[in-house]
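Q: could you work out the structure for the sequence below:
(one chain, ligands or ions: 1)
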Amino acid sequence: MSRDQDDDKRAAAWAAAEEVTEGMIVGLGTGSTAAFLIARLAERARAGLRIIAVATSLATERAATAAGITIVPFDALAAIDLAIDGVDEIDAQCRAIKGAGGAMLREKIVASAARRMIAIADGSKRVARLGVAPVPVEVLPLARGFVAAQLAMLGGEATQRLRDGLAYRTDQDNAVLDCVFPAGFEPAALSTQLSEIPGVMGHGLFVGEIDCAYIAAAGVVTRLDR
Ligand code: 5RP
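A: Numbers count the residues shown, from 1 in each chain. Next comes the predicted model:
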């Protein structure tokens, strides 16, 4: 990761952090861009801003707690004020692919519970059309073969995600199939098709959750609205 790219991630994260106001319940994303958000919100909390947060992954929960942000369990909440999270790809309509970090299931639940969701990214994530990055599909381990076959029927080429040579497991102990689809797929239609496959617990196509995005390139932050 170049320093410039890190600077852009920080700039996007700081712009979104400005939208957090007193008393909010904030959904904290997962990944290297979200790490800048956590650091900034911790700084603002030390300066007196009172917020509570929910985490989209165990890694984020640990990082936020260590930074001094109060994390509350998500299971008793029906809604939150604002979710802020990174993306792997984002298009002009704020549709995105997420899940390179494996947290897409919780990220989508938290995003859906949020009154507003803001994506944060450096300029490398901006695309004209989604689909260069694979779409991560979280799968109940026993359904892996079945789901891979169903994905193939949709034209997808699925590869099981590995970590250190072993099957990768999400925070929910599920498997991940990273799936490349033929260029030009329609994101909303594919999102529905993926969700309908029995054994699919979640996937990384975000087609209606993101309301706006802060994207920083060469130090300049641009705001995209859906
Ligand atoms: C994790 C995610 C991340 O938000 C996404 O992968 C972006 O990560 P980074 O900010 O490190 O590039 O979806 O599941």
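Q: how about the residues of this structure near the ligand?
A: Contacts of the chain with the ligand, taken as CB under 6 Å from any ligand atom, map to 29-34, 85-88, 98-104, 107. For glycine as for every other residue, the C-beta is placed from the backbone atoms N, C-alpha and C.
Q: so what strands line up beside the helix or strand hosting T159?
A: Using DSSP states H and E, T159 maps to strand 157-160. Using DSSP bridges, the strands paired with strand 157-160 are strand 175-180 (antiparallel).
Q: so which of the residues of the chain next to the ligand are in strands?
A: Among the residues of the chain next to the ligand, DSSP state E puts D85, G86 in strands.
Q: for ChimeraX, write the selection for the buried entries among the residues of the chain next to the ligand.
A: This is the ChimeraX syntax for the buried subset of these, where burial follows 16 or more other CB atoms under 10 Å:
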select :29,30,31,33,34,85,86,87,88,98,99,100,101,102,103,104,107
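Q: circling back to that earlier point, buried residues in the strand holding T159, which are they?
A: For strand 157-160, using 16+ other CB under 10 Å, the buried residues are A158.
Q: please enumerate residues in contact with whatever helix or strand comes next after that strand?
A: Next along the chain after strand 157-160, taking DSSP H and E as the criterion, comes strand 162-163. Taking contacts as CB atoms under 8 Å, 6 or more residues apart in numbering, the residues outside strand 162-163 that touch it are Y168.
Q: I'd like the next helix or strand past strand 162-163.
A: strand 166-167.
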